[in-house]
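[1] next one to model:
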Amino acid sequence: MPADRYDARVFKARVDEVLGEFVGRERDQLLDIDPRLGPVAEQLVSASGQGKRFRAAFCYWGWRAAGQPDSDAFLRAAAALELVHAAASVHDDIIDDSPLRHGRPTAHVALHAPPRRTVDTEQTGKALAMLVGDLLMALAGQMFVTSGLPAAYLSRARPLWAVLARELIAGECLEILCTGAVPDVAESLKVVRYKTAKYTVEQPLLIGGALGGANDRMRKAFSAYGLPLGEAFQLRDDLLGLFGDRASTGKANLDDLRGRRPTALLAETWRAADRAQRERLTWLLNRSEPDDTTLGELRELMTRVGAPARIEQMITARVEEATGALTDLPAPAAHALTELARAATTRRY
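    Residues are numbered from 1 along each chain as shown. Here you go, the predicted structure:
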């Protein structure tokens, strides 16, 4: 990849190759323990083999912004963040009981088949998937520390891993605690910030910058860019969750509705709705088995009160705020991060 430009396809291919080799070795070592671990090993590969590699890319450009050159060792360190994302996705799918991710059965669904007929299939799948997620998180740390970067570099970034984990878990817990409560925009945005924004954009940038020796002014620019952009990323995801084409998103549109997830889209709908609309919204959310008809009515209600349009405005404002924070960064990094902001928030799947 040329030093002065970002090619998303080339970068993704490099990260995919690094992850494929690393996780492939881990899969083989699991199978050496016992061949019955085959389904678990394959889910390890499947979960880590998906995604657009945004987190590794943000980490990479934190490193490059600090004046560091392209490096295979650094790429391995950045790729470790994709294993964090894989772990979080597996756990998130269990919590939300999501059946699909990227058009494929989620880990807990794929692992339904029990080792013995007397075992509950659903519980077995969830238990095995939980352990897959745990192993992915452990492997993320292992991949980071064995990346090949000097120990002095790694020591600068190691404390940020604890912050990343703490904030990610806090966001997941807040989402669970807010589920089923009266929708509130401020609460929803707090969940967005901690569950997604920080570990998707801000922390990868800060970790890359720390590895590269970024100064205080640069770190402040990373946060000023990363937080609003991370929020915009999740707001786009919320819109796609309910309004996206299932064939493109690879996710089930009914997940957010079935789980009554405290999204900003739902909160904005509640805020803008009148009494009768809130009563109807409550009825739709309380349906035990929502179907496509329920989904259609929810979409129509949201559109009628202007909630999707308001979320689009929030996305636009946050992207503008984020890209406006790049003025003090070196031109190649600023250009790449501008491109990443566009790619992360204008996606349709």
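[2] any weak-confidence spans in the stretch 151-300 of the chain?
    Counting by pLDDT under 70, the ranges of the stretch 151-300 of the chain that qualify are 247-253, 255-256.
[3] what do you get if the cut-off is 80, keeping everything else the same?
    Where the stretch 151-300 of the chain drops to pLDDT under 80, the residues are 245-260, 288.
[4] so where do the helices sit in it?
    151-178, 185-192, 203-212, 216-243, 246-249, 254-259, 264-272, 275-285, 292-304 (DSSP state H, counting those that start in this stretch).
[5] run the chain-centre distance for the second one.
    Chain-centre distance of helix 185-192: 16 Å, with CA atoms, centre = their mean, to the nearest Å.
[6] which other helices and strands does that helix contact?
    Contacts defined by 3 or more CB pairs under 8 Å, 6 or more residues apart in numbering; DSSP states H and E place helix 185-192 against helix 151-178, helix 216-243, helix 264-272. Where C-beta positions appear, they are placed from N, C-alpha and C, glycine not excepted.
[7] so can I have CSV of the ones you listed showing distance to residue 308 and mean neighbour count?
    Below are these laid out as CSV (distance: least, CB to CB, whole Å; neighbours: other CB atoms under 10 Å):
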stretch, distance to residue 308, mean neighbour count
helix 151-178, 21, 16
helix 216-243, 6, 21
helix 264-272, 7, 22
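[8] of all the ones you listed, which one is nearest residue 184?
    Among those, the nearest to residue 184 by CB to CB is helix 264-272 (5.6 Å).
[9] next, the angle helix 151-178 makes with that closest one.
    Orientation check (axes from the mean of the first three to the mean of the last three CA atoms, to 10 degrees): helix 264-272 against helix 151-178 gives 40 degrees.
[10] numbering from 28 from now on, please.
    All set: I'll call the first residue 28, so the last point we hit is now helix 291-299.
[11] how far is helix 291-299 from where the chain is centred?
    With CA atoms, centre = their mean as the basis, helix 291-299 stands 22 Å off its chain's centre.
[12] one more: stretch 40-57?
    20 Å.
[13] try stretch 66-78
    16 Å.
[14] strands along the stretch 78-227 of the chain, start to end?
    Using DSSP state E, counting those that start in this stretch, the strands found in the stretch 78-227 of the chain span residues 127-128, 131-132.
[15] coming back round to it: distance to residue 121 added to the helices of the stretch 178-327 of the chain, as JSON lines?
    Formatted as JSON lines, the helices of the stretch 178-327 of the chain follow (distance: least, CB to CB, whole Å):
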{"stretch": "helix 178-205", "distance to residue 121": "11"}
{"stretch": "helix 212-219", "distance to residue 121": "18"}
{"stretch": "helix 230-239", "distance to residue 121": "23"}
{"stretch": "helix 243-270", "distance to residue 121": "17"}
{"stretch": "helix 273-276", "distance to residue 121": "19"}
{"stretch": "helix 281-286", "distance to residue 121": "12"}
{"stretch": "helix 291-299", "distance to residue 121": "21"}
{"stretch": "helix 302-312", "distance to residue 121": "22"}
{"stretch": "helix 319-331", "distance to residue 121": "23"}
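[16] to residue 343, which of these lies closest?
    Across these, the minimum distance to residue 343, taken as CB to CB, is reached by helix 243-270, at 8.1 Å.
[17] relative to the whole chain's centre, how far out is the closest one?
    When C-alpha coordinates are averaged (CA atoms, centre = their mean), helix 243-270 and its chain have centres 11 Å apart.
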